[in-house]
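> Using only what follows, build the 3D model:
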Amino acid sequence: MLYADLLIHSAYMMATMKGHSECPARGEGMSEIGLIKDGAVAIREGLIVAVGTTEEVLAGGWVGPETRRISARDKVVTPGFVDPHTHVIYAGSRENELSLKLKGVPYLEILKQGGGIHSTVRSTKQASDEEIKAQTSRRLQTMLSLGTTTAEVKSGYGLTLDEEIRSLRLIKELDSEQVIDLVSTFMGAHAVPPGYSEEEFTNYIIDNVLPQIATQDLAEFCDVFCEPGVFSINSSERILVKAKQLRFKLKIHADELAAAGGAELAAKLSVTSADHLLQASDEGIAALAKQGVIAVLLPATSFNLAKNVYARAREMIRAGVPVALATDSNPGSSPTESMPFVLTLACLYLRLTPEEALTAATINAAHAVDRAAQVGSLEVGKQGDVLILDIPNLDYLPYHFGSNPVGTVIKRGIVVWSSVVAEHEREV
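As a prediction, the model looks like this:
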């Protein structure tokens, strides 16, 4: 008998997220989280081999004398969080912009003054590879301690061919050097740098940058900041069409600051996900639902911008749009690495239920980075990416904010972070 390497057992409540691996959850399906009382999951060689009640998994014969056993008694077990939208590869910080925001200076005005993205571009260019990786590694470690086991990472603080290649290369290096699985996205169309018109920089990306990124196989997705004053609908479409021709999967920053047709363009191009969507029109939401485009919502960004404007998640869910959640971790508009905080904001301001929020942060988020066959749910054959949450029930997760609910993080069947390892060790 091939015994499991690890058994997590006796969970008061285990949310498996079962049943949504083929297609992301929509509508009422976002409330179906596959709850098991007295739940257990067995993992061998990094993959899940059994899921069920503790009694069922023990009866399956997976537990042997060498199997490590971790008790989750009185705790909640879930899949690892998937963060499908981050900008964590950069150097420096932008706390100096807080005073400008408090004075009411708009984001695009800060950008025009050389701040915002341009500030981080300068800091990143001046930093060495080692400095960028060290700063990014610290952010990734914080994300891991807060339960994120898979994350998308965008370039976009380079804005030149050489610097964008450098950022994407460092993402690949970090993917192999630390625990979180990273999904790389090329986002050279993050801002128009000084000295270029929008059309000139769009042409530069299409003619010079995208082909090189594709040839070197440095990114899986291509994204663009589609927004008036940044990249227009026409420029965004040109970039994404070229990216699709070069076999990139597509994402789009859409309708964050204005209703500019970004959601409609996302549906037209059948992108994997449209992100932000604070100002998406009724027509845009309907188009996303029709095409099955995932809406990646970023409530921490709305919270930090302090305009009391949030994406219309309830309307999206009613329309049949599959909704995911992400931190948008970045040095300007969302300087956080906390998915638990994002779940709290999603419940308070997007009006998601705790079940819908968990779906959005796990299996739907996995679909948003094309990883639903590997992660996002606790099902046989998937990676053993598991969280043991030190909370009494699921409602407590968004209810109690400002502290870390994660007791143990397991990645591919190995404990990679734990608040207190010893107290979890129990015999069945």
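> how close does Arg314 sit to Ile285?
Separation of Arg314 from Ile285 (Cβ to Cβ, to the nearest Å) stands at 11 Å. C-beta: built from backbone N, CA, C; applies to glycine.
> try Ala42
Separation of Ala42 from Ile285 (Cβ to Cβ): 41 Å.
> Settle it for me: which of these two has more neighbours?
Higher neighbour count among Ala42 and Ile285: Ala42, with 28 against 25, using other Cβ atoms under 10 Å.
> Please, which helix or strand holds that one?
Assigned by DSSP states H and E, Ala42 belongs to strand 35-44.
> Let me see the mean pLDDT of that strand.
Strand 35-44 comes out with an average pLDDT of 98.
> in its sheet, what does that strand sit against?
According to DSSP bridges, strand 35-44 forms sheet pairs with strand 6-15 (antiparallel), strand 47-53 (antiparallel).
> Any chance of CSV for those, columns mean neighbour count?
Rendered in CSV, the data for the strands paired with strand 35-44 read as follows (neighbours: other Cβ atoms under 10 Å):
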stretch, mean neighbour count
strand 6-15, 24
strand 47-53, 20
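> among these, which is nearest Pro79?
Pro79 lies closest to strand 6-15 among these, at 7.6 Å (Cβ to Cβ).
> Just the CA coordinates for that closest one, please, in CSV.
Output in CSV follows, covering the C-alpha atoms of strand 6-15 (Å, rounded to 0.1, in the frame of the first residue of the first chain):
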residue,chain,number,x,y,z
LEU,A,6,0.4,13.8,5.2
LEU,A,7,-3.1,13.6,6.7
ILE,A,8,-5.0,16.7,7.9
HIS,A,9,-7.9,15.4,9.9
SER,A,10,-10.8,16.3,12.2
ALA,A,11,-11.6,19.7,10.7
TYR,A,12,-14.7,21.2,12.3
MET,A,13,-15.5,22.5,8.8
MET,A,14,-13.7,21.8,5.5
ALA,A,15,-14.6,23.8,2.4
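> ok, Tyr157 to Pro193 distance?
Taking Cβ to Cβ, one finds Tyr157 at 11 Å from Pro193.
> more neighbours, the two?
Neighbours were counted for Tyr157 and for Pro193 using other Cβ under 10 Å; Tyr157 has more, 28 against 14.
> hang on, that one in a helix?
No - counting by DSSP: H, G, I helix; E, B strand; the rest coil, Tyr157 is located in no helix; its state is coil.
> Report the contact partners of it.
By Cβ atoms under 8 Å, 6 or more residues apart in numbering, the contact set of Tyr157 is 87, 89-90, 117, 120-121, 124, 163, 167, 190.
> Any stretches of the stretch 301-428 of the chain with poor pLDDT?
Scanning the stretch 301-428 of the chain with the threshold set as pLDDT under 70 gives 421-428.
> can we see that at 80?
Under the criterion pLDDT under 80, the flagged ranges of the stretch 301-428 of the chain are 420-428.
> quick one: the strands in it?
Under the criterion DSSP state E, counting those that start in this stretch, the stretch 301-428 of the chain carries strands at the ranges 323-325, 386-389, 406-411, 414-418.
> Of these, flag the one that's most buried.
strand 323-325 (a mean of 31; mean count of other Cβ atoms under 10 Å).
> need the helices for the stretch 301-428 of the chain, in chain order.
313-319, 339-349, 354-361, 363-368, 396-399 (DSSP state H, counting those that start in this stretch).
> now for the third one, which elements pack on it?
Packed against helix 354-361, as judged by 3 or more Cβ pairs under 8 Å, 6 or more residues apart in numbering; DSSP states H and E, are the following elements: strand 323-325, helix 339-349, helix 396-399.
> Export the ones you listed as CSV, with columns for distance to Gly104.
What follows is the helices and strands packed on helix 354-361, written out as CSV (distance: least, Cβ to Cβ, whole Å):
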stretch, distance to Gly104
strand 323-325, 28
helix 339-349, 21
helix 396-399, 30
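> out of these, deepest packed?
Greatest average neighbour count among the helices and strands packed on helix 354-361 goes to strand 323-325 (a mean of 31), per mean count of other Cβ under 10 Å.
> Which strands and helices lie in contact with that strand?
Against strand 323-325 (3+ Cβ pairs under 8 Å, 6+ apart) you get strand 294-297, helix 313-319, helix 339-349, helix 354-361, helix 363-368.
> quick one: contacts of the second one?
Yep, that's helix 313-319 we're talking about. The contact list for helix 313-319 (Cβ under 8 Å, 6+ apart) reads 26-27, 30, 277, 282, 285-286, 288-289, 295, 297, 323, 346, 350-352, 356.
> returning to that earlier point: dump the helices and strands packed on strand 323-325 to CSV, plus distance to Gln245.
Below are the helices and strands packed on strand 323-325 laid out as CSV (distance: least, Cβ to Cβ, whole Å):
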stretch, distance to Gln245
strand 294-297, 22
helix 313-319, 30
helix 339-349, 34
helix 354-361, 31
helix 363-368, 22
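> Break down the stretch 151-300 of the chain into its helices, ranges please.
Applying DSSP H, counting those that start in this stretch to the stretch 151-300 of the chain gives helices spanning 161-177, 198-204, 210-215, 233-245, 262-269, 282-291, 299-305.
> Of the ones you listed, give the one that comes closest to Val375.
The minimum distance between Val375 and the helices of the stretch 151-300 of the chain falls on helix 161-177, with 14.2 Å, by Cβ to Cβ.
> Now do Ser232 against Leu35, distance only.
Between Ser232 and Leu35 the computed distance is 46 Å (Cβ to Cβ).
> can you check Ala287 too?
Counting by Cβ to Cβ - Ala287 and Leu35 are separated by 33 Å.
> Between the two, tell me which one has more neighbours.
The residue with more neighbours, out of Ala287 and Leu35, is Ala287; 22 against 15, by other Cβ under 10 Å.
> which residue sits closest to the more buried one, ignoring its sequence neighbours?
Spatial nearest neighbour of Ala287, chain neighbours left out: Ala267 (3.5 Å); criterion: Cβ to Cβ, 6 or more residues apart in numbering.
> My guess is the one you found contacts Ile285. True?
No - taking contacts as Cβ atoms under 8 Å, Ala267 lies outside contact range of Ile285: 9.5 Å.
> re the thing from before, in a markdown table, list the helices of the stretch 301-428 of the chain along with distance to Ile48.
Below are the helices of the stretch 301-428 of the chain laid out as a markdown table (distance: least, Cβ to Cβ, whole Å):
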| stretch | distance to Ile48 |
| --- | --- |
| helix 313-319 | 28 |
| helix 339-349 | 21 |
| helix 354-361 | 18 |
| helix 363-368 | 14 |
| helix 396-399 | 22 |
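> The ones you listed: which one's closest to Glu66?
If you check each of the helices of the stretch 301-428 of the chain against Glu66 by Cβ to Cβ, helix 363-368 wins as the nearest, at 30.7 Å.
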